[in-house]
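Engineer: Here is my input; please provide its structure:
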Amino acid sequence: MRPLSRLKKALRHAVSRAPVAEEDARPWWDRLDPPGSSLWPDAPVIERVVDDRVFLLGLDALYRSAMKKHERAELLACAQRVAAALKVVPADVPVEGYYVEHSDLTAYFRLVRALQKVPLARASEVQSLPEFRRLLAVSSSPIFGPPSRRYLLPKGNDPLSLALDAEKTEAITAWTVRRLTAAAGKIARDTGDYSLVGLAANVEEPVVLAALRESVVLYACDITGSLVPARPTFVWRVNPELCAAAERFVNAFNTLFGRELPPPTAEFAHAFGSAFEESEIVGRCVRLGQTVGPPARFYHWAVVKGPGEQLAVHEFWDDEIWTTDRYRGRRELRRM
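Structural biologist: Below is the predicted model of the structure:
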C-alpha cells in the first residue's frame, strides 16, 4: 500500500473509531503520525499543496465521516423516539446524498424527512423530550446556515439556498451555475456565513459548492512512479479569511459532537489534504429547488468529469428527483 493510501486509511479509522480513553484525551488529529514520521523513513519528498479547494474538500470528507457516525447511532435513536411520540412514520421519498450507504442512515433520512413536515404547532407534544431538543439543536446549528423553522424541525438557509431564492423569478429556469455560484459567494461574504455550504460559496468554485451541498442535503433548505515511494509534504495555502470562518464552523460542530474535526490550521494540513479524494465526489448529485406543481420540475446540480478530465458541474431539470445513487448509475450523465 502506498504511503498516502496508508495515511488516508489511518485517517478514516481515526475518525470512525471509539472515543479515546481518559488517559489519552488528545483528539485523533493530534495522535495521527504526520508525513515525516517513521512511516516514511528516508523517502523522497513530494509537495502536496493544500489550497482553498483541497482544504474544503478535505473538511467535507472529515465532516461526512464524523456525521455519519452520529447519525447512525445517537441521532437515529433521537429521531425514532420523537417519531414514536408523534406517531409519525418514515417518509416515502427518494433517499438523497450519502444516506443510501447504510440502512441506519437511510432510516434516519426517512424519519427526519417525515419530522420536517410535522406542523410546528405540534412541537409542544415533544418539547420535554431530550431527544427532540437534541435534534432541534443539531438542525438549528449554524454549520447548516441560519435556521428557517416553518415545521417541527428547521432547515439551514445557507448562501446557496438564499441565492436560489433571490434569483427565483417567474421563469425559474433562469437558474444557472454561474449566476448562483456568484450570488452565493456574495451572500456568504456579506453575511459572514460559516456553514459548510457558506465556506464553499466563499471560494466561488461550483464543483466544491455542489459537492459540499450534497453532504448537507438532509439539513439544507430546498427552494421550491518511483521504486522508493515518495512521502507527501502538505503545503498550506488556504485563504486566512476562509480559515477564520472555517474555525467557527469547526467550533460549532465540535460543540455539538465533541472534538471530531481538527482546527483549520497549517499544523493539520495533512489531515485535510489526505481526507479528500477526487473520485469520491464525482457523481454527487443534489436537488436544489423546484417549480410549483403539479407537475413539479426539479432543479439539480451534479459533479461530473468534463473535458480534459476536469471536474465540472452538470445542471439539469427533470420531472423526478435525482439522487447521487441514481445519478452515478447512469454513466452517460457522468460526463458533460
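Engineer: which stretches of the stretch 51-200 of the chain form strands?
Structural biologist: Ranges of strands in the stretch 51-200 of the chain, per DSSP state E, counting those that start in this stretch, are 147-148, 155-156.
Engineer: Highest mean neighbour count across those, which stretch is it?
Structural biologist: strand 155-156 (a mean of 24; mean count of other C-beta atoms under 10 Å). Quick note: C-beta positions are derived from backbone N, CA and C, even for glycine.
Engineer: contact partners of that one?
Structural biologist: 116, 139, 141, 143-149, 195, 197, 216, 219-222 (C-beta atoms under 8 Å, 6 or more residues apart in numbering).
Engineer: middle-most residue in the protein, spatially?
Structural biologist: Here the mean C-alpha position of the chain is nearest to the C-alpha of residue 215 (C-alpha atoms, centre = their mean), at a distance of 2.8 Å.
Engineer: OK, contacts around that residue?
Structural biologist: 60, 63-64, 67, 97-98, 196.
Engineer: just residue 199 next, same as before
Structural biologist: Per C-beta under 8 Å, 6+ apart, neighbours of residue 199: 56, 59, 188, 212, 242, 245-246, 249.
Engineer: List just the nearest of those to residue 310.
Structural biologist: Residue 310 lies nearest to residue 56 out of these, by C-beta to C-beta, at 17.1 Å.
Engineer: any idea how far residue 200 is from the closest one?
Structural biologist: 6 Å (C-beta to C-beta, to the nearest Å).
Engineer: so where is the stretch 51-200 of the chain shaky, pLDDT-wise?
Structural biologist: Residue ranges of the stretch 51-200 of the chain with pLDDT under 70: 169-173.
Engineer: what about the helices in it?
Structural biologist: Taking DSSP state H, counting those that start in this stretch as the criterion, the stretch 51-200 of the chain carries its helices at 52-70, 76-86, 103-115, 130-139, 159-166, 177-191, 196-203.
Engineer: now these as a markdown table including distance to residue 317?
Structural biologist: Putting the helices of the stretch 51-200 of the chain into a markdown table (distance: least, C-beta to C-beta, whole Å) gives the following:
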| stretch | distance to residue 317 |
| --- | --- |
| helix 52-70 | 26 |
| helix 76-86 | 31 |
| helix 103-115 | 22 |
| helix 130-139 | 28 |
| helix 159-166 | 13 |
| helix 177-191 | 13 |
| helix 196-203 | 21 |
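Engineer: among the ones you listed, which is the most enclosed?
Structural biologist: The highest mean neighbour count among the helices of the stretch 51-200 of the chain, using mean count of other C-beta under 10 Å, belongs to helix 196-203: a mean of 28.
Engineer: dump the residue contacts of the residue nearest to residue 306 when sequence neighbours are not counted.
Structural biologist: Spatially, and ignoring its direct neighbours in sequence, residue 306 is nearest to residue 312 (3.5 Å; C-beta to C-beta, 6 or more residues apart in numbering). By C-beta under 8 Å, 6+ apart, the contact list for residue 312 reads 206-207, 303-306, 336.
Engineer: out of those, which are inside helices?
Structural biologist: 206-207 (DSSP state H).
Engineer: Lowest-confidence entry in the contacts of residue 312?
Structural biologist: Among those, residue 336 carries the weakest pLDDT, at 43.
Engineer: Relative to residue 205, how far out is residue 316?
Structural biologist: Distance from residue 316 to residue 205, by C-beta to C-beta: 20 Å.
Engineer: higher neighbour count, these two?
Structural biologist: residue 205 (19 against 13; other C-beta atoms under 10 Å).
Engineer: circling back to that earlier point, and the helices of the stretch 51-200 of the chain: which comes nearest residue 285?
Structural biologist: Nearest of those (C-beta to C-beta): helix 177-191, 13.6 Å.
Engineer: residue contacts, the nearest residue to residue 79 once chain neighbours are set aside?
Structural biologist: Counting by C-beta to C-beta, 6+ apart, residue 111 is the residue found nearest to residue 79 once chain neighbours are left out, at 4.0 Å. With contact set as C-beta under 8 Å, 6+ apart, residue 111 has these partners: 76, 79-80, 83, 88, 90-91.
Engineer: follow-up on the earlier one: next, give phi and psi for the residue nearest to residue 306.
Structural biologist: Main-chain dihedrals, residue 312, degrees, to the nearest 10: phi -150, psi 170.
Engineer: Quick check, pLDDT for it.
Structural biologist: For residue 312, the pLDDT comes out at 94.
Engineer: Could you measure from it over to residue 116?
Structural biologist: For residue 312 relative to residue 116 (C-beta to C-beta), the value is 31 Å.
Engineer: Also residue 253?
Structural biologist: 21 Å.
Engineer: between these two, which one's more packed in?
Structural biologist: residue 253 (23 against 17).
Engineer: Would you agree the more buried one is in contact with residue 64?
Structural biologist: No: look at residue 253 against residue 64 with C-beta atoms under 8 Å: they stay out of range, at 11.8 Å.
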